[in-house]
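K.L.:
need a 3D model of the sequence below.
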Amino acid sequence: MTTADETAIAVLGWLAGEPELLGRFLALTGTDPTRLRGAVGDPGFMAGLLDFVMDHEPTLLQFCEATGTRPEAVARAHAALSGFRGDTGSA
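P.N.:
Residues are numbered from 1 along each chain as shown. Now for the predicted structure:
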């Protein structure tokens, strides 16, 4: 079983081979390439990696196809890192 952090790191590794998408990610997050290594492990950065792929279905599907990852696994990792716990049903 892959952890949420491992999934986020897989996204970063995949983005490294996709210069156009990596550039878009960097522009959207305000991160520069020299800070990437130091940002790995930061919960906010890791969640941001998963936000990036979850916010654009074609990007999510590209990642999943390239890495053999199921979209549901990315969604679970995203929920874990973003703190989403779902609707509790309480009013």
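K.L.:
make it CA atoms for all contacts and neighbour counts henceforth
P.N.:
Will do.
K.L.:
so for stretch 6-24, first residue to last residue, what's the gap.
P.N.:
Chord length of stretch 6-24, first to last residue, is 22 Å (C-alpha to C-alpha, to the nearest Å).
K.L.:
mind listing what's buried along that stretch?
P.N.:
7, 8, 9, 10, 11, 12, 14, 15, 21, 22, 23 (16 or more other C-alpha atoms under 10 Å).
K.L.:
in this protein, where is pLDDT below threshold?
P.N.:
Where the chain drops to pLDDT under 70, the residues are 1, 84-91.
K.L.:
how about the helices in it?
P.N.:
4-16, 19-29, 36-39, 43-54, 57-67, 71-82 (DSSP state H).
K.L.:
quick one: the spatially most central residue of the chain from residue 73, how far?
P.N.:
Centroid-nearest residue in the chain: residue 50, 1.9 Å away (criterion: C-alpha atoms, centre = their mean). To residue 73, residue 50 is 11 Å away according to C-alpha to C-alpha.
K.L.:
residues contacting the residue nearest to the centre of the chain?
P.N.:
For residue 50, the contacting residues are 8, 11, 74, 77, 78, by C-alpha atoms under 8 Å, 6 or more residues apart in numbering.
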